[in-house]
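> structure for the following, please:
(chains A, B, C, D, E and F)
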There are 4 protein chains.
Amino acid sequence: MPTVTWSRLGGERRAAVVAAAEAEFAAHGFSAGSLNVIARRAGVAKGSLFQYFADKRDLYAYITDVGSQRVRFYMEARIRELDPTRPFFDFLTDLLDVWVAYFAEHPRDRALHAAASFEVDTDARVSVRAVVHRHYLEVLRPLVDDARSRGDLRGDADVDALLSLLLMLLPHLALAPYVRGMDPVLGLDDLSSEQPALVVRRYVAVLSAAFGCVCASLPAITTIEGEKHEQDTF
Amino acid sequence: MPTVTWSRLGGERRAAVVAAAEAEFAAHGFSAGSLNVIARRAGVAKGSLFQYFADKRDLYAYITDVGSQRVRFYMEARIRELDPTRPFFDFLTDLLDVWVAYFAEHPRDRALHAAASFEVDTDARVSVRAVVHRHYLEVLRPLVDDARSRGDLRGDADVDALLSLLLMLLPHLALAPYVRGMDPVLGLDDLSSEQPALVVRRYVAVLSAAFGCVCASLPAITTIEGEKHEQDTF
Amino acid sequence: MPTVTWSRLGGERRAAVVAAAEAEFAAHGFSAGSLNVIARRAGVAKGSLFQYFADKRDLYAYITDVGSQRVRFYMEARIRELDPTRPFFDFLTDLLDVWVAYFAEHPRDRALHAAASFEVDTDARVSVRAVVHRHYLEVLRPLVDDARSRGDLRGDADVDALLSLLLMLLPHLALAPYVRGMDPVLGLDDLSSEQPALVVRRYVAVLSAAFGCVCASLPAITTIEGEKHEQDTF
Amino acid sequence: MPTVTWSRLGGERRAAVVAAAEAEFAAHGFSAGSLNVIARRAGVAKGSLFQYFADKRDLYAYITDVGSQRVRFYMEARIRELDPTRPFFDFLTDLLDVWVAYFAEHPRDRALHAAASFEVDTDARVSVRAVVHRHYLEVLRPLVDDARSRGDLRGDADVDALLSLLLMLLPHLALAPYVRGMDPVLGLDDLSSEQPALVVRRYVAVLSAAFGCVCASLPAITTIEGEKHEQDTF
DNA sequence: TATGAATGAGGTTTCATTCAT
DNA sequence: TATGAATGAAACCTCATTCAT
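Got it, this is the predicted structure:
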């Protein structure tokens, strides 16, 4: 937790430290990120960092938290716009599109997310992922619960299994297009050949088949390729 | 890639190097693993390591490959015993049980797998995961293809999406019971409350619902809990 | 020397600073003692310490002085009770017993004494020991002078040599039982095998033989061990 | 203990490291001595020091050992020249003169001795003093034992108390002339006013009176000052 | 082919002190 | 008078890699 000194700090200095730390941890992760570099880039003395944060891990946790909240606030705003009361898998499709687009446009957040996912230091990774997972679930669970109460999910749908899969799919969709080798099957990391949007629809189709109400129909994947008016008929 | 010197090396010396390197990388991962330690424990000169491998990354890739092959050979043997011609999702359930049990009993392989998954160094992680994914797919794709040709999968099943999900689920099932925070939903890391076996069945139920032939029924999870018999009626 | 600000300070604040500084310097000595820690534990601002004392060394000297005076006042009170007009070496024996017991029961003063003795920083050590030595001598010299004027010491006794030896023996007796390796001969640091009381008597016997009046006899060490009665015949 | 690498090292490089380390530890002691400085002055890479010694403490212990042995070898040679079979306290007087002169002429050894005596780090101090004390005793005990068997000491002399006092007097005589405040009574540190030689004689007179055979007379201190001839009559 | 000595940059953290408020 | 933010030097130690033998 940041010190009181940090909370009393002027906005400019704070912004400089946050920016430098985000850049460094995004580039090299926690273990390999260097406080020397952060201090130098922020234009503050090395010792000052320790007036603001208990230690390296404390700074890292703070940076991760700030980043997670930024993503969450953004997503929550977009969720409201997307109208979460629509048929769930339609909504989910749009949501994942937004998600993919966000990380496409925010390389810094993408890198922070990756750094948190791949951290070697067990304690650092665990505490950071706990934060991230909490954010994920606080947003997703209400959406899923509402969907089930609306009847968009099967009555016997294993909601926790759905959430568990989403917890894997979300980081995957965010990172795979930029991390070679993460997805050797669907080709997410081969940007030229296939659109992430298509992969989103393939995953949603799977989830819909697994959890959706039998009567509910899913927008056909063809809707992307240009001919799809028969879509809502099957 | 190991040098020719390595290939000409006596078996004993080779085994010593491999054992020391596996232990070190399993314990500390690639970035934090120390060649000094490996050389000392293997009883060879530090310089010798550089006669056998181009650099640290080369050694790491080799060690990962060796480990992956060990796991793969084991799994292939068990797959033959499990009779892959049975109904696919029955077979898959047993396969995942074996998988979970293997990593429960082989902490070194589990640690190597985790080290590869969490490596910060991008290049190291990418090259290692490429190897691991290749092994996964070379085993899984024939099984899945056979299942489809046998009619165990729906005709329009998105086989690649299934493989993609399996590529996420396999490491998850192997590591989550031992890595705090990986699974905050299904409780895989809370060994006392829920059996990995049950989680396996929940995941397979999802996959079966998504990809299975409509007519094919899955062994109900009720076999473990005893009450949800309506599940196999959908 | 403390500033005038210090002298005008409220008693509570002063006590807090003294207590924190004593604890810190006792635990880590001057060089390794931390003003940060002292300020934090005393509940005052770091800057305040520099309003009360010129610098770290000044604070340290003050703390040592306070501690020395505490010990000195205690010893002076006990000296009056012990009746310094008795035969000198009888009295000295009791005095040293009291001395040893005091430090046995006051670990904080013991630690401060040790810290002063083992300080690496030459200037700090010199100034601190000057204070301590002054206290020692102001107490001891009158006692020794009285003893000589009473005829308890030989007429030609080298009083200064006696004081010089006492200045070595007193810290030794105070610390050796708690500092491994200080006394590899008489076994003061091996509490189980020999009592400090016996060591006191052996040292006093030496001093008595060296400085005592020939006619004056010393209580034989046999009072503790019970057999060497021929000792008092020399 | 130095590594094998150290033992295989060329003489020139070894000498440079030893010289630099002796100078640094002599000047600042163990805790405050800097490996950075040592490496720079020795003209070797910082990392090289860690190829020769396990850590800072290891290097310090080695340096202290080397220094102690140097002093011991010198003293043993001089002891043979001084004829230890002479009357003990005559011999002891000469021995202490030599001792004082040695440290007067060898400021480096003096500083190392001081550094070892005043080290704050308990473990470092303990281990170093154990070495020094061992050297002291291995030299002194045979001398004292011989003296007693020759009849130079009283039959009932407390030999261990004598050794214990010598263990205090020897460092005192070596260092006090150069460390302000160590001796506020006999004025050892006030070089202009009184000769260390006289102090030696005053201490020896005390020891002789305490431990010497009654019949044995000591060379009167008058030999230096010229008037106290009544001293040898007690 | 094997060795292992040498390198020196880089890591995090603590510290006493200053000074503007 | 009290505060506490800022400083930046210095600390020990580890590391992968090179190269002469």
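> got a list of what the closest residue to DNA strand E within chain A touches?
For chain A, the residue closest to DNA strand E is A:Ser34, as judged by Cβ to the nearest atom of the strand, at 2.8 Å. Just so you know, the C-beta spots here come from the backbone N, C-alpha and C atoms, and that holds for glycine as well. By Cβ atoms under 8 Å, 6 or more residues apart in numbering or on different chains, A:Ser34 lies in contact with A:24, A:28.
> tell me the pLDDT at it?
You'll see A:Ser34 listed with a pLDDT of 93.
> give me the angle between the worst-scoring helix or strand of chain A on mean pLDDT and helix B:107-118.
None of the helices or strands of chain A scores lower by mean pLDDT, DSSP states H and E than helix A:107-118, at a mean of 88. Taking axes from the mean of the first three to the mean of the last three Cα atoms, to 10 degrees, one finds that helix A:107-118 is oriented at 180 degrees with respect to helix B:107-118.
> buried stuff in helix A:107-118?
For helix A:107-118, burial by neighbour count (16 or more other Cβ atoms under 10 Å in any protein chain shown) applies to A:109-118.
> where do the helices sit along chain A?
Using DSSP state H, the helices of chain A run over A:4-7, A:11-32, A:35-42, A:46-52, A:56-82, A:88-105, A:107-118, A:122-150, A:159-175, A:196-211.
> show me which residues of chain A sit near DNA strand E.
Contacts of chain A with DNA strand E, taken as Cβ under 7 Å from any atom of the strand, map to A:33-37, A:46-47, A:49-50, A:55-57.
> tell me which strands and helices the least confident helix or strand of chain A is in contact with?
Helix A:107-118 sits against helix A:11-32, helix A:56-82, helix A:88-105, helix A:122-150, helix A:159-175, helix B:107-118, with contacts defined as 3 or more Cβ pairs under 8 Å, 6 or more residues apart in numbering or on different chains; DSSP states H and E.
> could you point out which of those helices sits nearest C:Ala42?
Among those, helix A:56-82 comes nearest to C:Ala42, with 24.7 Å by Cβ to Cβ.
> ok, back up a step: how near is the residue of chain A closest to DNA strand E to A:Glu24?
Taking Cβ to Cβ, to the nearest Å as the measure, A:Ser34 falls 6 Å from A:Glu24.
> could you pull up phi and psi at the spatially closest residue to A:Asp146 that is not a sequence neighbour?
Spatial nearest neighbour of A:Asp146, chain neighbours left out: A:Pro84 (6.8 Å); criterion: Cβ to Cβ, 6 or more residues apart in numbering or on different chains. Dihedral pair for A:Pro84: phi -70, psi 0, per degrees, to the nearest 10.
> isn't A:Pro84 up against A:Val144?
No: the criterion here is Cβ atoms under 8 Å, and A:Pro84 misses it with A:Val144 at 10.3 Å.
> who has more neighbours out of those two?
Just comparing A:Pro84 and A:Val144: by other Cβ atoms under 10 Å in any protein chain shown the higher neighbour count belongs to A:Val144, 21 against 17.
> now for the more buried one: which residues touch it?
A:88, A:153, A:159, A:162-163.
> between which two of those is the distance greatest?
A:Phe88 and A:Leu163, at 13.2 Å, using Cβ to Cβ across these.
> these two: which is more packed in?
Using other Cβ under 10 Å as the criterion, A:Phe88 and A:Leu163 rank with A:Phe88 on top: 26 against 19.
> ok, now how distant is the more buried one from B:Ala23?
On the measure of Cβ to Cβ, A:Phe88 and B:Ala23 end up 48 Å apart.
> same deal with A:Tyr178?
Taking Cβ to Cβ, one finds A:Tyr178 at 33 Å from B:Ala23.
> go on, A:Tyr52?
From A:Tyr52 over to B:Ala23 (counting by Cβ to Cβ), the distance is 39 Å.
> isn't A:Leu153 right up against A:Ala147?
Yes: contact criterion Cβ under 8 Å: A:Leu153 and A:Ala147 qualify, at 5.3 Å.
> between these two, which contacts overlap?
Taking Cβ under 8 Å, 6+ apart as the contact rule, A:Leu153 and A:Ala147 both touch A:Phe88.
> ok, back up a step: in JSON lines: the contacts of A:Val144, plus pLDDT and distance to D:Leu186.
Listed next are these as JSON lines, based on pLDDT from 0 to 100; distance: Cβ to Cβ, whole Å:
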{"residue": "A:Phe88", "pLDDT": "96", "distance to D:Leu186": "96"}
{"residue": "A:Leu153", "pLDDT": "95", "distance to D:Leu186": "96"}
{"residue": "A:Val159", "pLDDT": "96", "distance to D:Leu186": "89"}
{"residue": "A:Leu162", "pLDDT": "97", "distance to D:Leu186": "89"}
{"residue": "A:Leu163", "pLDDT": "97", "distance to D:Leu186": "84"}
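> ok so, going back, want to throw the helices of chain A into a markdown table with distance to B:Leu96?
Supplementary listing: the helices of chain A in a markdown table, determined by distance: least, Cβ to Cβ, whole Å:
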| stretch | distance to B:Leu96 |
| --- | --- |
| helix A:4-7 | 47 |
| helix A:11-32 | 31 |
| helix A:35-42 | 43 |
| helix A:46-52 | 46 |
| helix A:56-82 | 31 |
| helix A:88-105 | 26 |
| helix A:107-118 | 23 |
| helix A:122-150 | 23 |
| helix A:159-175 | 14 |
| helix A:196-211 | 16 |
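> around the closest residue to A:Met168 other than its chain neighbours, how many other residues sit close by?
Nearest-residue entry for A:Met168: B:Met168, 4.7 Å, with adjacent residues in sequence omitted and distances by Cβ to Cβ, 6+ apart. B:Met168 has 16 neighbouring residues, counting by other Cβ under 10 Å.
> contacts only, for B:Met168.
A:168-169, A:172.
> please report the distance of it from A:Arg86.
27 Å.
> looking at the buried residues of helix A:107-118, spot the one nearest chain B.
For these, the closest approach to chain B (Cβ to the nearest Cβ) belongs to A:Phe118, at 5.4 Å.
> now do the same contact list for that closest one.
A:29, B:117-120, B:125.
> max pairwise distance over these: which two?
A:Gly29 and B:Ser117 (13.6 Å).
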